[in-house]
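Chemist: Below is the sequence, then the predicted model.
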Amino acid sequence: MDSVKSVLRRMGQARTVLRGLEPGGSFENLPSSALSAAFSPLRQPPPSFPMRRSPDANGFELGTSKNLSSRLDEFGVPFPEELLEKPPLIKPTWSVSEYGELHGEHRVDDYPRFYFFGDSLTDRAFKEDEKGFGWLLRKQYEGKVEIVNRGFSGYNSKWLHDAFQDFIIDVAEKRGPPAPLLITIWLGYEDAHLPPLAVHVPLKEFEQHLRRYVRAILDHPGMKDTRIVLITPPPTNVKQPQEPPIPFPGSTEIQRNMVLRTRAHRTWLSKRKYAEKVVEIGEEFEDKTLRVAVIDLWYSVTRWACSEEINGVSTGFDELDEIDTLPGCGLPKAKVFREEIFSDSIHLGKKAHEILASELLDLIRGRWPEISPESLPLQEQAPSDQERMFGVIADTIAGMKEIH
């Protein structure tokens with residue numbers, strides 16, 4: 001009888017989890033007890049990073065994503081895809097130089113480059129409609145530097161080593177001089193998710209992966225002048241608990257204790273710990289070399305939200321941190337980030353990207369003025385966006401003629 005009750009209870013918890021994953025639900029807001037009871041963590045080997053070496057019309061395709069959504073637990077309930085270790089299907093954006101290499105014309109191997117390397121935050125940062133920081137930097141360096149999007153959605157620091165080797169190190173070696181002028185590394189947002197999510201990487205292991213990326217660049221004989229900027233993951237945006245219809249003595253403290261146990265708040269804390277670790281690593285390398293710097297985006301966007309005036313009153317980061325009411329933490333009396341910072345609970349808004357772009361440009365101008373937009377000359381050999389577009393159209397027409 002006890003085993004039957006246990007089965008029924010777990011099935012009910014599983015349904016609760018699945019309902020939370022429906023549109024309008026939030027996986028991060030589900031009680032941790034329901035998650036741990038309803039699902040057993042899947043411990044699969046790290047995903048491989050198979051590659052097709054010959055580029056096709058769409059660019060490099062990194063294998064295919066296995067359809068694991070059909071996997072069921074012992075009760076016939078499908079596991080959410082968020083819990084499955086599977087590499088996403090990735091088609092990195094072709095850059096100006098790679099376009100030229102692909103078509104055998106307009107070769108621009110000596111065109112100066114920045115690489116922006118990271119997870120989905122970097123990938124989305126190049127969207128014009130979101131005014132991402134990658135798009136903003138491209139506007140600043142237009143005609144002077146080719147800024148290459150190397151963001152891989154859904155990947156954590158552990159899964160990205162092959163992509164880093166293939167799309168940054170190997171490409172730089174193939175091109176030869178000049179070495180990349182700058183490489184940004186923006187990781188930790190996926191890693192900081194709590195288990196049993198498969199993208200979770202323990203903090204100590206995350207530190208090892210991040211150090212390995214930095215050392216690979218610093219120790220590479222062909223990248224002796226390449227600068228590195230580490231960027232911390234941003235915070236999350238946890239909603240405040242609803243006030244009780246009729247407040248009673250101790251109600252705020254009860255709400256606070258409940259929020260402290262939620263998965264959402266613990267995820268917020270985790271993002272902060274990973275951000276602090278990135279700062280720690282960055283400052284350690286800063287003390288050893290002038291080639292490394294760090295941007296604390298977690299602190300910057302939180303500080304900006306703290307400084308907003310509400311009803312004519314402005315409060316500071318330290319003041320709110322002391323009383324545990326920093327924006328986005330979800331505790332009672334803590335405000336949420338506005339849409340300018342988070343377009344939803346996960347994706348960064350335009351103001352957050354603006355803050356990051358501004359901090360990166362200020363860092364470059366102050367630490368490495370020789371690669372600032374004002375210091376670099378215009379490049380004439382690179383095809384414009386219009387030329388690239390017409391080149392694609394011409395190639396498509398030519399291919400159609402060959403078929404007929």
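Modeler: Here it is on my side, so go on. Just so we're clear, the structure is a prediction, and the values are computed from it rather than from any experiment.
Chemist: what ranges do the strands span in this protein?
Modeler: Taking DSSP state E as the criterion, the chain carries its strands at 113-118, 146-151, 182-186, 227-231, 292-295, 309-310, 313-314.
Chemist: Can you list the neighbours in contact with the third one?
Modeler: If I follow you right, that is strand 182-186. 114-119, 121-122, 151, 168, 210, 213-214, 217, 226-231, 233, 360, 364, 368, 371 (CB atoms under 8 Å, 6 or more residues apart in numbering). In this view, the C-beta of every residue, glycine as well, is placed from N, C-alpha and C.
Chemist: For stretch 233-241, the averaged confidence score.
Modeler: Stretch 233-241 carries an average pLDDT of 89.
Chemist: Kindly apply the preceding question to stretch 206-213 instead.
Modeler: The model assigns stretch 206-213 a mean pLDDT of 98.
Chemist: tally of neighbours for Glu142?
Modeler: 13 (other CB atoms under 10 Å).
Chemist: pLDDT weak spots in the stretch 201-350 of the chain?
Modeler: When residues are selected by pLDDT under 70, those of the stretch 201-350 of the chain lie in 245, 308-315, 345.
Chemist: which residue ranges form the helices in it?
Modeler: Using DSSP state H, counting those that start in this stretch, the helices of the stretch 201-350 of the chain run over 203-218, 251-260, 263-286, 297-307, 317-322, 350-367.
Chemist: thinking again about what came up before, dump the strands of the chain to JSON lines, plus mean neighbour count and distance to Ala264.
Modeler: JSON lines is the format used below for those (neighbours: other CB atoms under 10 Å; distance: least, CB to CB, whole Å):
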{"stretch": "strand 113-118", "mean neighbour count": "25", "distance to Ala264": "23"}
{"stretch": "strand 146-151", "mean neighbour count": "23", "distance to Ala264": "25"}
{"stretch": "strand 182-186", "mean neighbour count": "25", "distance to Ala264": "23"}
{"stretch": "strand 227-231", "mean neighbour count": "24", "distance to Ala264": "23"}
{"stretch": "strand 292-295", "mean neighbour count": "22", "distance to Ala264": "26"}
{"stretch": "strand 309-310", "mean neighbour count": "8", "distance to Ala264": "23"}
{"stretch": "strand 313-314", "mean neighbour count": "8", "distance to Ala264": "27"}
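Chemist: quick one: which of those is nearest Ser251?
Modeler: Ser251 sits nearest to strand 309-310 of all the strands of the chain, at 22.4 Å, using CB to CB.
Chemist: if we can go back for a sec, using TSV, please lay out the strands of the chain together with distance to Thr302.
Modeler: Supplementary listing: the strands of the chain in TSV, determined by distance: least, CB to CB, whole Å:
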stretch	distance to Thr302
strand 113-118	20
strand 146-151	23
strand 182-186	17
strand 227-231	15
strand 292-295	14
strand 309-310	15
strand 313-314	14
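Chemist: Select, out of these, the one closest to Glu283.
Modeler: Per CB to CB, nearest to Glu283 of these: strand 292-295, 6.4 Å.
Chemist: on contacts alone, who are the packing partners of that closest one?
Modeler: In terms of contacts (3 or more CB pairs under 8 Å, 6 or more residues apart in numbering; DSSP states H and E), strand 292-295 is packed against strand 227-231, helix 263-286, helix 350-367.
Chemist: With distance to Gly176 added, can I get the ones you listed in a markdown table?
Modeler: A markdown table is the format used below for the helices and strands packed on strand 292-295 (distance: least, CB to CB, whole Å):
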| stretch | distance to Gly176 |
| --- | --- |
| strand 227-231 | 19 |
| helix 263-286 | 26 |
| helix 350-367 | 24 |
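Chemist: Fine, thanks again, bye for now.
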